[in-house]
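Chemist: Starting from these lines, generate the structure:
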Amino acid sequence: MKKYAFWNNKGGTGKTSLAFQVICEYARSKPTEKILAIDVCPQANLSEIFLGGLQHGGSDNLLKRQGESVRATIGGYFQIRMPSPFSVPSFSPQDYLTKPSKYNEQVPENIDLLCGDPLLELQSNAMSTLANTQIPGTNTWISIIDWLNDFIKPLSNNYDVVFIDTNPSFSIYTQIALSVAEKLLLPVMADDSSRRAIQNVFSLIYGLKLPAEIYAKYAFAEKLKEVNRSLPKVHLIMKNRLTQYMGAASAYSTVLTAIDDDIKSLLASQSSIFTFDNLKDGMVDVRDFQTTGVVAFARGCPFYKLSPGRLDLLGQRVQVKEEYRKNCIENIQTVVDKL
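Modeler: A predicted model of the protein is given here:
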């Protein structure tokens, strides 16, 4: 079972938009494989898109899943872990999973979804407190960090690949998500804040360039190494929404070059945290999805299913240009080809 996580601790990088399109394209291109999508975000935007988007009741469908007798979300699963935080209770993962294609016919049938849940924010403080509990002979932190691993293990023969969408934070539920992943998919924007965010990513996950030695023993990397657990490796850096930054004269070209230089330097000094040896294998340019993206996500529709022309969007007629739609499809295919 391959395990990928989409993450950047900076918001607005197009992470969830990319996740939805990449997961759908992967599923379309590999129809014999079974895919599990996990939404570890309290906003649950990925879940709403999968379940129909704004136009086709995605939010209402998510509320229905939250209202089941067994709350069919990641928050519902975490809820049953609260009384048994350090040992795995008896449970059925299938009770918490959703088949998006039952709600949204645009989504491939070989995708299952563990929905996101706003409960994650309420649960976060409790999980952090539990993780810092002192119990002789028990590593309470890793017991909490393993909650999602405990969910996935019984499903190891059911799925070929797991895709995890995360929150732009480094809260404990994000750490839980990242501890599961083998490979990290990192979307970035061509601006200074994204460059800083990349630097923060390497500090937070791998403990690189921490501001003071005192933080080292609390670092995510060190705590996983203590229990002989592997860290996810950076597999792909996606320079997203590039249309507005195109052109050699753009002020952003300097930032793009600086991002490349930062990664080159890390490849030379910290090669073990990457799955690739040279920049061209680990980077991909993704142009801005523009109106095509807005329509696709509002309708809960993969690009390859979206019709060109004038389409209804919440009572308004919106033009989707075929040229732009094809560009979107090609960009997503390029990402999937590198997985």
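
Chemist: the bottom helix or strand of this protein by mean pLDDT?
Modeler: Every helix and strand in the chain was compared by mean pLDDT, DSSP states H and E; the lowest is strand 309-313, with a mean of 71.

Chemist: Packing partners of the helix or strand following that one?
Modeler: Tracing the chain C-terminally past strand 309-313 and defining elements by DSSP states H and E, one meets strand 316-320 next. The criterion is 3 or more Cβ pairs under 8 Å, 6 or more residues apart in numbering; DSSP states H and E, and the helices and strands that strand 316-320 contacts are helix 290-298, strand 309-313. Any C-beta I mention is one placed from the backbone N, CA and C, and that applies to glycine too.

Chemist: export those to a markdown table and tack on mean neighbour count?
Modeler: Shown next, in a markdown table, are these (neighbours: other Cβ atoms under 10 Å):
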| stretch | mean neighbour count |
| --- | --- |
| helix 290-298 | 20 |
| strand 309-313 | 14 |
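
Chemist: okay, the ones you listed in CSV with distance to Met283 next?
Modeler: Converted to CSV, the helices and strands packed on strand 316-320 look like this (distance: least, Cβ to Cβ, whole Å):
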stretch, distance to Met283
helix 290-298, 21
strand 309-313, 33
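
Chemist: So which of the ones you listed is nearest Lys321?
Modeler: Comparison of the helices and strands packed on strand 316-320 against Lys321 by Cβ to Cβ identifies helix 290-298 as nearest, at 7.3 Å.

Chemist: Now do that closest one: distance to the chain's middle.
Modeler: Relative to its parent chain, helix 290-298 has a centroid offset of 19 Å by Cα atoms, centre = their mean, to the nearest Å.

Chemist: got the contact list for it?
Modeler: 17, 20-21, 49, 53-55, 243, 289, 301-303, 306, 311, 313-314, 318-321, 324-325, 328 (Cβ atoms under 8 Å, 6 or more residues apart in numbering).

Chemist: Quick check on those: which are buried?
Modeler: With burial judged by 16 or more other Cβ atoms under 10 Å, the buried subset of those is 17, 20-21, 49, 53-55, 289, 301-303, 306, 311, 313, 320, 324-325, 328.

Chemist: out of the residues you listed, which are inside helices?
Modeler: Using DSSP state H, the members of the buried ones among the contacts of helix 290-298 that fall in helices are 17, 20-21, 49, 324-325, 328.

Chemist: Let me know the closest of the residues you listed to Asp60.
Modeler: For these, the residue nearest Asp60 by Cβ to Cβ is Ile49; the value is 13.5 Å.

Chemist: Next, find the distance separating the closest one from Gln43.
Modeler: With the distance defined as Cβ to Cβ, to the nearest Å, Ile49 ends up 11 Å from Gln43.

Chemist: again with Ile176
Modeler: According to Cβ to Cβ, Ile176 stands 17 Å off from Gln43.

Chemist: Which of those two has more residues huddled nearby?
Modeler: Taking Ile176 and Gln43 together and counting by other Cβ atoms under 10 Å, Ile176 has the greater number of neighbours (24 against 18).

Chemist: Ile38 is in contact with the more buried one, correct?
Modeler: No: counting by Cβ atoms under 8 Å, no contact exists between Ile176 and Ile38, whose distance comes to 10.4 Å.

Chemist: one step back: out of the ones in helices among the buried ones among the contacts of helix 290-298, which is nearest to Arg71?
Modeler: If you rank these by distance to Arg71 using Cβ to Cβ, Ile49 comes first, at 20.1 Å.

Chemist: Look up how far Lys321 lies from the closest one.
Modeler: Distance of Ile49 to Lys321, given as Cβ to Cβ: 21 Å.

Chemist: check which helix or strand covers Pro168.
Modeler: When elements are assigned from DSSP H and E, Pro168 belongs to no helix and no strand.

Chemist: Look up the residues that both of Ile176 and Ile38 are in contact with.
Modeler: When contacts are counted by Cβ under 8 Å, 6+ apart, Ile176 and Ile38 are jointly contacted by Leu148.

Chemist: Is it possible to get the ones in helices among the buried ones among the contacts of helix 290-298 out as CSV so that each row also shows distance to Val162?
Modeler: Output for those, formatted as CSV (distance: Cβ to Cβ, whole Å):
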residue, distance to Val162
Ser17, 19
Phe20, 15
Gln21, 17
Ile49, 18
Tyr324, 31
Arg325, 28
Cys328, 24
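
Chemist: Tabulate the residues you listed (a markdown table), appending pLDDT.
Modeler: Supplementary listing: these in a markdown table, determined by pLDDT from 0 to 100:
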| residue | pLDDT |
| --- | --- |
| Ser17 | 89 |
| Phe20 | 96 |
| Gln21 | 95 |
| Ile49 | 96 |
| Tyr324 | 86 |
| Arg325 | 86 |
| Cys328 | 89 |
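
Chemist: Give me the neighbour count for Val180.
Modeler: Other residues within reach of Val180 by the criterion other Cβ under 10 Å amount to 21.

Chemist: Likewise for Leu204?
Modeler: So Leu204, with other Cβ under 10 Å, has 20 neighbours.

Chemist: Using PDB, write down the CA coordinates of stretch 52-67.
Modeler: In PDB, the C-alpha atoms belonging to stretch 52-67 read as follows (Å, rounded to 0.1, in the frame of the first residue of the first chain):
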ATOM      1  CA  GLY A  52     -20.900  16.900  -4.800                       C
ATOM      2  CA  GLY A  53     -19.400  20.300  -4.300                       C
ATOM      3  CA  LEU A  54     -21.300  23.500  -3.600                       C
ATOM      4  CA  GLN A  55     -23.600  23.000  -6.500                       C
ATOM      5  CA  HIS A  56     -24.700  19.400  -5.800                       C
ATOM      6  CA  GLY A  57     -25.100  19.300  -2.000                       C
ATOM      7  CA  GLY A  58     -21.600  18.400  -0.900                       C
ATOM      8  CA  SER A  59     -22.000  20.200   2.400                       C
ATOM      9  CA  ASP A  60     -25.400  18.600   3.100                       C
ATOM     10  CA  ASN A  61     -24.100  15.200   2.200                       C
ATOM     11  CA  LEU A  62     -21.200  15.600   4.600                       C
ATOM     12  CA  LEU A  63     -23.600  16.700   7.300                       C
ATOM     13  CA  LYS A  64     -25.600  13.500   6.700                       C
ATOM     14  CA  ARG A  65     -22.500  11.300   7.100                       C
ATOM     15  CA  GLN A  66     -21.700  13.200  10.400                       C
ATOM     16  CA  GLY A  67     -25.300  12.500  11.600                       C
END
